[in-house]
Structure formats: structure tokens, C-alpha cells
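Engineer: One predicted model, sequence on top.
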Amino acid sequence: MTAGKKVLLVIVFILLAYGISAPFQKISEPIYWGIFPAPVFYLLIVHVLFVAFIGYLAFGTRMHGRAEDEDSFLAEIRREKGVKK
Amino acid sequence: MSPTLVIVGVAVYTVVMFAIGFWGFRRSRPSMEDFFLGGRTLGLFVVLCTVWSTLFSAYSYIGLPGAYYRTGISFFGIAGNILLNSLCMYLLGSRMWILGKKHGFINMTDLFAERYGSNLVCVLAMIISIGSLLPYIGLQVKGAGLTLQGVTNNVISFNTGLLYITIVVLFYVIMGGFRSVVWTDVVQSIIMLVGMLGAMFLIADKVGGGLGGVIQKAAAIDPKLVSFPGPAGVWTPSMVLTTCMVVGLGGFAWPQISQRMYATKSLKTIKMLAFIFPLAALFVNLPPIFIGLAGKVQYPALKNADLIFPMMLNELLPPVFGIIIVLAILAAIMSTVSGQVLSLTSIIVRDLYVRFFDPESASQTKITKLSRLVLLIVVAGALAFVFWGPATLVGLLIDASGPIMLQVLIVLIGALYWRRATKAGAIISMIASETFLVLLWMKVFKMPIPGIHNGVWAMILGVILFVVVSLVTKPVDEKTLEKFFGAFKES
């Protein structure tokens, strides 16, 4: 991952974290879809955006270090365990 | 609600739990990996159910409606904690899974011992985990006794209810270990989901003619109920964010949650879990808004808001559905307690007995038998602690369970992402931040900036000490680092 992309991800994370903190205080109207008061509706939007962010990290990056080769990793473990036996 | 109906419902539920416990026993093999992690074979649906039902306790049924009753929709800000929890599932859970597969770790503390090359780091994390969870287990079991006593009008006494819960949970955990726990969690998740959604729709229909009617009527009582920071002005942005951090991040470090990362069958399962879990969590986090506000509309001047859901259960819901709610509350308690008990047992057996007393000769069969005995001791200890422990200490540990574990999360992040993290940094960080947290809780200090959760202040101190002490002490040897970071293909 390039440095620029990392900086961009950090900025997006900070914005989403700010969104979680419910910055839209004192807003009570309108009631969306007849059931969600405005703050709950806005928080649900942040929630969905955050889920998309997690999805991107999980499936679009290699932050955990092994996104690309799970099968070969498991095969390697099996080989190692076989050797130990 | 008819006591006979409750007893029949509970009896049927018990038979199902026993059957799953017995099924788990038939499929179990005498190994630590099988007893504590079910052989590391969990698929997405099962791991989603088990994390969901383990994380959400009876508090979701009793505490959350009460919180919305008191503070209006502003309490929904805390639902954001699940997002941070899920982020941890991906960023930390995925690396834990890799290390678990490669080196056979079964909980967070044995990972610490190997990564930091220090039994002291492991023991400290173990003491913190036990201190954080033991009173919580006792409290849940106590709550179950009170629930059964209340809904049967004392036909089932408190002691009988308490004994019942203890026996049922112990039976299926002792019989089938993790396998029984996760499959009972699946059944319990379904009951919890049906109970929560059904209660929301039925109560909203009775009180407000629908979900929208409840919101409109609550807004007519007090417009602050449908805006932030709520009637009491508690949920300011800083308080919402820092509470989310404490509950969400600390929640991941709970042994019963982090341990489930080792149990999944693939990395893809963990990624999907992190992606789907925050959406599934909305099924627990949204209904209490409508239930709590319906309570405010129906009983506007209730002194003890935590009674709101049981009151509406008795007075507004049809008896048959009331049984489902009672079972949902019991399911929420049992699923959380069973996960907590099993993960604490794994820590005690693996990191106390095997590590210090029998590192060479302990056979898998012997360890499995010992684990069943330790399960009994853990439950007995939890009950003894809550009933006879010092009230101040019990109160602190229950109130501060999330913040306490947040301080351990720092050490976990360092173990998985920072090669320069050292044992001295981990030890000093945990001791100092936990001590500081206790002092803040006892109001020995008052922090200069209001509206920030105490757990975050302690975390800031912990992070600073962890980084500074790690940088000035001798790094962990290269061979150990390669064992860990080589597994991520970082080196």
C-alpha cells in the first residue's frame, strides 16, 4: 500500500470516527421513513459507511499481511505439522 | 404470566440445551484445541451467532430499554462501539487467526507469553482477565435467578433459579466444551432475535399504534427525548466517542470474544464476520429504542427505569409471547456466561497449570478432564465473589469491565503490529494504566477536561508508557519476532 493511500485511509477513518460521535447534536427533525428521528438516521448512515470502510480494508487491502494466499498458508501449516510428526 | 406456562417453556428449552450438550459430547475429542476451540472449524453463520449472542447479554433486554427511557435516543450513539469492535475483529482477529493456526495459540494470554518472551506479561493479563470477568459471570447468574423468581411470582425461588441456570450451563459446557457452547449459542441467538424484534413490534403497536407513533408520542412528551445530547445532556460528542472506544475496543479484548477469532475455519470467515457483524448488531441495538420510548409514553414517571421492560412484558404482551421473552433473557444470560466461563477456564488451564506446573508431561486427555473440573471451580468462584466479595471491589470490576480490558488491548495491538514492543513496556503499561483507572474510578483524581470516559484517560497513559518504555528497553530477540511477523510475511 502506498503512503498516499495509507494517509487517505487514516483521513477517512478520522472522519468516520467523528461521525460516530454524533456531531449533529440538537437536531430532532425530520423523522425519516416515519420511524427514525434525524439523529438516529444520520448515525445509521455513518454506520453503513463505516461498514463499507471495514469491508474495503478486509477485502481490498492486505493490512493483516496474508490476503492473497490463504490456501498456500494452510498448505504450509499442514506440511510443517507433517514434518514434525 | 402463568407460572405453569413459564415452567413448561423453560423445561422445553432445557431439554434442547441438554440435547445439544450431549451431542457436543458425542462429537468431542480429548484435546485442548477441541475442547476450547471446537477444532478451529467454525463457519461464518455459526461464528456470527456465537459472537453475537456472547457479546449481547441480559443487559440488552433489561439495561438498554431502561437507558433509552432515561436518556432518549441519544443513547443510540453508543451503538457505534460495535463498529470499533468489528474493526478489531479484522485488524487484530485476522492476525490472531494466522498465529493460532501456525503456533497453536488458544487464547490471548498464551500469545502474549510467546510474543513478549515473558511469563509475567501472561500472568498479568490472566489476572486482569479473571478480575474483569469473574464478577460479571456471577452477576449474570444472579440476574437469571432474579428473572425466574420475578416472572413466576416466586413459584421458582431465587435460589432454585440460580441453581437451575448454573446446572444447565455447566452441563452443556462440561459435556461438549466449545462445540456445545457455539451450537447452543446458535439456538439462543434465534430465540434472542425473535424475542427482541417481536417485543419491539408488539409493544410499539400497543402503545403508539406502530413504531412511528411511539417516536411521535415520545417527542410530544419531551422533544429532547428524540435529539442529542438527550434530556440529561450526557451524550455530548466527546462522551459518545470515548464511550464507544472503551466499550468497543475493550469488548474485543474480552477473552470470550478474542478467543473466537482462533476458532474460525478460515481467514475469509473473519473478514466476513468483521463486515457483517455491525449490521447484525443493529437487530439488538435498534429495538430497545422503541421499547424504551414506548415505556416512557406508557409510564412517564417511573423511578427505576430498569424495570420498564419487565413491566411491559407482564402488562402489554400476550402470555405466550411473554414466555419467548423470558427464554430470550435466559438465552442471553446463558450464552454470555458459557462463553465467559469456557474462555476463563482455557486461560487458567493453559497459562497456569500447563505453563507452570506440567509443561512437559500433561497429556491431552488429562488436560480435558482437568478443564472440566476447573469449569466447576470458575463458576463457584464467580458466585462466591458476587455474593461474598467486598462490595466496592465487585462494583468496580462490574462497572469497569470494558475499560479494564481496554488496557490489555494496547498490549495486544503492540504484539501484533509493532516489532519494537517489549515485555517491560507491556508490564509497566498494564500495571500503570489499570492502577490509574482504579484511582479515577475512586475519584482520587479529577481530569481537567470533562466529558471524556475514564477508560480513555487510562488508555492514553498506557499507550504513552508502552511506547516510551518499549523504546528504551532491549528489543525482543529477532528469532521470536520472525516467528510472529514472519507469519504475516512482513519481514
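Structural biologist: Arrived safely.

Engineer: check contacts around B:V320.
Structural biologist: Contact partners of B:V320, counting by CB atoms under 8 Å, 6 or more residues apart in numbering or on different chains, are B:L5. Placement of C-beta: from N, CA and C, glycine included.

Engineer: Tell me how far it lies from B:L383.
Structural biologist: Applying CB to CB, to the nearest Å, the value for B:V320 to B:L383 is 32 Å.

Engineer: Thought A:Y32 was touching B:I215, still the case?
Structural biologist: No: using CB atoms under 8 Å as the test, B:I215 is too far from A:Y32 to be in contact (10.3 Å).

Engineer: if you count what's nearby, which of the two comes out ahead?
Structural biologist: More crowded of B:I215 and A:Y32, by other CB atoms under 10 Å in any protein chain shown: B:I215, with 26 against 14.

Engineer: can I assume the more buried one sits in a helix?
Structural biologist: Yes: checked against DSSP: H, G, I helix; E, B strand; the rest coil, B:I215 lies within a helix.

Engineer: State the next helix or strand along the chain beyond whichever helix or strand B:V337 is part of.
Structural biologist: Element membership for B:V337, per DSSP states H and E: helix B:319-348. Going down the chain from helix B:319-348, the next helix or strand is helix B:364-388, by DSSP H and E.

Engineer: so where do the helices sit in chain A?
Structural biologist: Assigned by DSSP state H, chain A shows helices spanning A:3-20, A:38-60, A:70-84.

Engineer: Is the second one in proximity to chain B?
Structural biologist: Yes: for helix A:38-60, a contact with chain B is found by CB under 8 Å from any CB of the partner chain, at A:38-40, A:43-44, A:46-47, A:50-51, A:54-55, A:57-59.

Engineer: Same question for the last one.
Structural biologist: Yes: Helix A:70-84 lies within reach of chain B by CB under 8 Å from any CB, at A:70, A:73-74, A:77, A:80.

Engineer: got the CA coordinates for that helix in PDB?
Structural biologist: Coordinates of each C-alpha in helix A:70-84 appear next as PDB, following Å, rounded to 0.1, in the frame of the first residue of the first chain:
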ATOM      1  CA  GLU A  70      -4.600 -18.400   2.400                       C
ATOM      2  CA  ASP A  71      -4.600 -21.700   0.600                       C
ATOM      3  CA  SER A  72      -0.800 -21.800   0.400                       C
ATOM      4  CA  PHE A  73      -0.500 -20.700   4.000                       C
ATOM      5  CA  LEU A  74      -2.700 -23.600   5.200                       C
ATOM      6  CA  ALA A  75      -0.800 -26.000   3.000                       C
ATOM      7  CA  GLU A  76       2.400 -24.700   4.600                       C
ATOM      8  CA  ILE A  77       1.000 -25.300   8.100                       C
ATOM      9  CA  ARG A  78       0.000 -28.900   7.100                       C
ATOM     10  CA  ARG A  79       3.400 -29.500   5.700                       C
ATOM     11  CA  GLU A  80       5.100 -28.200   8.900                       C
ATOM     12  CA  LYS A  81       2.800 -30.300  11.100                       C
ATOM     13  CA  GLY A  82       3.500 -33.300   8.900                       C
ATOM     14  CA  VAL A  83       7.300 -32.800   9.200                       C
ATOM     15  CA  LYS A  84       7.000 -32.600  13.000                       C
END
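
Engineer: ok, residues contacting it?
Structural biologist: Here helix A:70-84 makes contact (CB under 8 Å, 6+ apart) with A:66, B:98, B:101-102, B:266-268.

Engineer: Tell me the buried residues in that helix?
Structural biologist: Neighbour-count burial for helix A:70-84 flags A:F73 (criterion: 16 or more other CB atoms under 10 Å in any protein chain shown).

Engineer: Point out where chain A drops to low pLDDT.
Structural biologist: For chain A, residues meeting the criterion pLDDT under 70 lie at A:66-69, A:81-85.

Engineer: In it, which residue sits nearest chain B?
Structural biologist: Using CB to the nearest CB, A:G65 is the residue of chain A that sits closest to chain B, at 3.1 Å.

Engineer: State the pLDDT value of the closest residue to that residue other than its chain neighbours.
Structural biologist: Nearest non-adjacent residue to A:G65, counting by CB to CB, 6 or more residues apart in numbering or on different chains: B:F488, 3.1 Å away. Looking at B:F488, its pLDDT is 81.

Engineer: so who does B:F488 touch?
Structural biologist: By CB under 8 Å, 6+ apart, the contact set of B:F488 is A:64-66, B:95, B:98.

Engineer: likewise B:P319?
Structural biologist: By CB under 8 Å, 6+ apart, B:P319 lies in contact with B:1-2, B:5.

Engineer: State the distance from the spatially most central residue of chain A to B:L279.
Structural biologist: A centroid search over chain A (CA atoms, centre = their mean) returns A:I54, at 1.4 Å, as the residue closest to the centre. A:I54 sits 10 Å away from B:L279, going by CB to CB.

Engineer: now do A:F36
Structural biologist: The value you get for A:F36 to B:L279, if CB to CB is used, is 16 Å.

Engineer: Which one's more surrounded, these two?
Structural biologist: Per other CB under 10 Å, whichever of A:F36 and B:L279 has more neighbours is A:F36, with 22 against 13.

Engineer: Would you mind measuring from that one to B:T243?
Structural biologist: As judged by CB to CB, A:F36 and B:T243 stand 22 Å apart.

Engineer: Looking at chain B, what residue ends up closest to chain A?
Structural biologist: B:F488 (3.1 Å).

Engineer: any idea which helix or strand carries that residue?
Structural biologist: Residue-wise, B:F488 maps onto no helix or strand under DSSP H and E.

Engineer: Torsion angles phi and psi at it?
Structural biologist: Torsion angles at B:F488 (phi, psi; degrees, to the nearest 10) stand at phi -90, psi 0.

Engineer: Just the CA coordinates for stretch A:9-21, please, in CSV.
Structural biologist: C-alpha atoms of stretch A:9-21 as CSV (Å, rounded to 0.1, in the frame of the first residue of the first chain):
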residue,chain,number,x,y,z
LEU,A,9,-7.4,5.7,4.8
VAL,A,10,-6.4,7.4,8.0
ILE,A,11,-8.3,10.6,7.0
VAL,A,12,-11.4,8.6,6.1
PHE,A,13,-11.2,6.7,9.5
ILE,A,14,-10.9,10.0,11.4
LEU,A,15,-13.9,11.4,9.5
LEU,A,16,-15.9,8.3,10.3
ALA,A,17,-14.9,8.3,13.9
TYR,A,18,-16.0,11.9,14.1
GLY,A,19,-19.3,10.8,12.5
ILE,A,20,-19.8,8.1,15.3
SER,A,21,-19.5,10.8,17.9
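
Engineer: Contacts (any at all) between chain B and that stretch?
Structural biologist: Yes: using CB under 8 Å from any CB, stretch A:9-21 reaches chain B at A:16-18, A:20-21.

Engineer: Have a look at chain B and report its longest helix.
Structural biologist: helix B:158-208.

Engineer: Between helix B:319-348 and it, find me the angle.
Structural biologist: In terms of direction (axes from the mean of the first three to the mean of the last three CA atoms, to 10 degrees), helix B:158-208 departs from helix B:319-348 by 130 degrees.
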